[in-house]
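> Generate a structure from the sequence data that follows.
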Amino acid sequence: MKIVVIGGTGLIGSKLVAKLGEHGHEAIAAAPNTGVNTLTGEGLAEVLTGASVVVDVSNAPVWEDAAVLDFFETSTRNVLAAEAEAGVGHHVALSVVGTDKLLESGYFRAKLAQEKLIEAGPVPYSIVRATQFFEFVPRIADAATDGNEVHLAHVFFQPMAGDDVAAAVGRVAVGTPLKGQVEVAGPDRYRMDDFFRKVFADSNDHRQVVTDPKAVYFGISPTEGALVPDGDATLGDLHFDDWTKTAK
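So this is what the prediction gives:
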């Protein structure tokens, strides 16, 4: 099966291309550095020729509100139109758990707009919403750091390994279109402040975690359960402590 992965040279995309290839599929990485630009449409028709499935795991290069909305809306419209023209039978998109609860953020408003375009579009679809990636844990800590203090709220947090995200997206991609959403998350649920206290202790990071009910997460004030699945979700296999050993 030919499967085109939009954003196929990025963190999740490169893992997904490798996993699909291991299972005998013709997985093609589509990104600006491979000659495919979803904003301009360059290379889309050519790369989608003969494709059965398109998986979009791309991310916006700039997160300013207007720019990120333009990226996801323009890119998604172009991809869906090219898929319809090429006869692609399944569009899969990677999104974020809690997107509709985090609309203080222009980024999440843009992701929700992307989801709505896919749902209203001409191609049978599946949307995979994932929690935060283990690979982004340092970035989350740095964004919350003020001097030697890291201000974090006591909200639920259920991150997962990028490999598990790619595996979940891959399973959906080779299946029948869901015409709906599925959620995936890490195997363990934490409180965000407690999680980072342990991470810092284990890594000899001397920053101090401050439990702060007013702490923001990339500009958002999340409610207690906004970052985790509401109900049933497919859980990843890799625990954070085990992942840190393989990531070194």
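
> ok, how many other residues are close to the closest residue to Phe136 other than its chain neighbours?
Sequence neighbours aside, Pro159 is the residue nearest to Phe136 in space, at 7.7 Å (criterion: Cβ to Cβ, 6 or more residues apart in numbering). The C-beta positions use only the backbone N, C-alpha and C, and glycine is treated the same way. By the criterion of other Cβ atoms under 10 Å, Pro159 has 25 neighbours.

> Also Glu22?
Glu22, neighbours per other Cβ under 10 Å, totals 10.

> likewise the one 4 residues further on?
Using other Cβ under 10 Å, the number of residues around Glu26 comes to 13.

> where does it land on pLDDT?
On pLDDT, Glu26 comes in at 98.

> From Leu44, how far out is the closest residue to it other than its chain neighbours?
Closest residue to Glu26 apart from its sequence neighbours, by Cβ to Cβ, 6+ apart: Lys2 at 4.5 Å. Distance, Lys2 to Leu44, using Cβ to Cβ, to the nearest Å: 14 Å.

> about what we covered before: which residues touch the residue nearest to Phe136?
Thr131, Gln132, Phe133, Phe134, Phe136, Val137, Gly186, Phe195, Phe240 (Cβ atoms under 8 Å, 6 or more residues apart in numbering).

> Now do the strands in the chain.
Here the chain has its strands, by DSSP state E, at 2-6, 26-30, 53-56, 90-96, 125-130, 145-146, 149-152, 156-157, 180-185, 190-191, 208-211, 234-235.

> Quick one: distance of the last one to the chain centre.
It refers to strand 234-235. Strand 234-235 sits 15 Å away from the centroid of its parent chain (Cα atoms, centre = their mean, to the nearest Å).

> Ok, the third one next?
Centroid separation between strand 53-56 and its chain, computed with Cα atoms, centre = their mean, is 14 Å.

> And for the closest residue to Asp237 other than its chain neighbours, the neighbour number?
Spatial nearest neighbour of Asp237, excluding adjacent residues (Cβ to Cβ, 6+ apart): Asp164 at 6.1 Å. Asp164: 23 surrounding residues under other Cβ under 10 Å.
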